[in-house]
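[1] Sequence first, then the predicted structure, then my questions.
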Amino acid sequence: MTTPVQQRLRAAGLRVTAPREAVLQVLENGQGGGEHLPVATIAERARRALGSLSTQAVYDCLEVLTAAGLARRIEPAGHPARYEARVGDNHHHLVCRSCGETADVDCVVGPAPCLSVAVPAGFVVDEAEVTFWGHCSSCRSAPPAPGTTPDHPPATHTASIERNAS
């Protein structure tokens with residue numbers, strides 16, 4: 001019996017291997033909760049399914065899945081790369097400056113690339129990658145740690161971003 005993950009791998013022209021299947025399944029399971037997963041978390045969850053898997057194998061799988069359009073890599077400045085299975089649309093991200101929590105933001109204005117820009121001759125823009133920065137509700141309500149200010153709370157916990165902040 002073929003699983004949906006196996007079908008997606010084959011449809012993308014990829015061989016189905018246990019590591020690729022496990023890594024893609026981790027990303028797809030995280031998609032329901034809007035997770036943007038760092039490699040360490042992906043590796044930990046994939047190992048639960050496979051028993052053993054090297055970190056290098058996880059990086060290799062993520063590279064192949066990203067190149068095939070089955071995964072998306074985001075790299076907010078100052079934070080580790082994160083991966084998600086939400087692909088095929090031109091959504092953006094909101095990142096908490098304090099804890100690094102990341103949330104999806106749908107296209108901000110119109111169809112892709114969502115933004116108007118003066119484009120040099122010869123370029124055709126088909127996608128925009130935008131990162132919005134701010135502070136999640138938990139970081140905003142946490143008392144400042146010694147040596148910090150309310151604008152720069154400590155980066156010591158994970159919090160949920162208000163999904164409907166406008």
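    Perfect, thanks for sending it.

[2] make it CA atoms for all contacts and neighbour counts henceforth
    Fine.

[3] need the helices for the protein, in chain order.
    Counting by DSSP state H, the chain has helices at residues 4-11, 18-31, 39-50, 55-67, 137-141.

[4] For those, give me a markdown table that also has mean neighbour count and mean pLDDT.
    Rendered in a markdown table, the data for the helices of the chain read as follows (neighbours: other Cα atoms under 10 Å; pLDDT from 0 to 100):
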| stretch | mean neighbour count | mean pLDDT |
| --- | --- | --- |
| helix 4-11 | 15 | 96 |
| helix 18-31 | 21 | 96 |
| helix 39-50 | 17 | 96 |
| helix 55-67 | 17 | 97 |
| helix 137-141 | 17 | 87 |
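
[5] want to try JSON lines for the ones you listed, with distance to residue 104 as columns?
    JSON lines is the format used below for the helices of the chain (distance: least, Cα to Cα, whole Å):
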{"stretch": "helix 4-11", "distance to residue 104": "22"}
{"stretch": "helix 18-31", "distance to residue 104": "10"}
{"stretch": "helix 39-50", "distance to residue 104": "18"}
{"stretch": "helix 55-67", "distance to residue 104": "18"}
{"stretch": "helix 137-141", "distance to residue 104": "16"}
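
[6] Residue 94: which of the ones you listed is closest?
    helix 137-141 (12.7 Å; Cα to Cα).

[7] Using CSV, list the CA coordinates for the closest one.
    Once side chains and other backbone atoms are set aside, the C-alpha atoms of helix 137-141 remain, and they are given as CSV (Å, rounded to 0.1, in the frame of the first residue of the first chain):
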residue,chain,number,x,y,z
SER,A,137,2.3,37.9,23.3
SER,A,138,4.3,35.8,25.8
CYS,A,139,7.5,37.8,25.3
ARG,A,140,5.6,41.1,25.4
SER,A,141,4.0,40.2,28.7
